[in-house]
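Undergrad: Return atomic coordinates for the entry below.
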Amino acid sequence: MRISELAQRAGVTVHALRHYEREVVFIAMARRIGFSLPAIGELLPAYRAGHLSVTRMTDALQERVAALDVQIAELQAQRTRVIEHAAWLRAQQHQARAPAKTSIGKSPWPKAARMKDKR
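TA: Just a heads-up that it's a prediction; the model follows:
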């Protein structure tokens, strides 16, 4: 489909459609790097007006990096807990000496009290 056909179907001019295309590219780029729609909404007015400074955008990107660092740390901690639980289950199995009769309900999960406190 040609842009003129799309503009006609959408009821806008080709110029307006090209303008919206630039916004869509900005939004798509921001979504790809994990910006939330509310965060994009805060930047979009300045972008539309041509006043989104490099400083403001790099500040927003640094905030995104910081949020990613928090997520990475949380996932690494969760990964460690999963490995600890797998090791605990293996130890329970070895203690029972009868793998087919081993039941995970016979003793408490490791660090269960600490995990409840984190919620």
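Undergrad: How many neighbouring residues does Leu43 have?
TA: When neighbours are defined as other C-beta atoms under 10 Å, Leu43 has 17 of them. Glycine gets a C-beta too; all of them are placed from N, C-alpha and C.
Undergrad: my bad, Val25
TA: Val25 has 10 nearby residues by other C-beta under 10 Å.
Undergrad: What strand or helix carries it?
TA: helix 14-32 (DSSP states H and E).
Undergrad: For that helix, name the packing helices and strands.
TA: When contacts are defined as 3 or more C-beta pairs under 8 Å, 6 or more residues apart in numbering; DSSP states H and E, helix 14-32 packs onto helix 3-10, helix 37-49.
Undergrad: Run the chain-centre distance for the shortest one.
TA: Read it as helix 3-10. Centroid separation for helix 3-10 versus its chain: 35 Å, with C-alpha atoms, centre = their mean, to the nearest Å.
Undergrad: Next, the buried residues of that helix.
TA: Using 16 or more other C-beta atoms under 10 Å as the test for burial, helix 3-10 gives Ala7.
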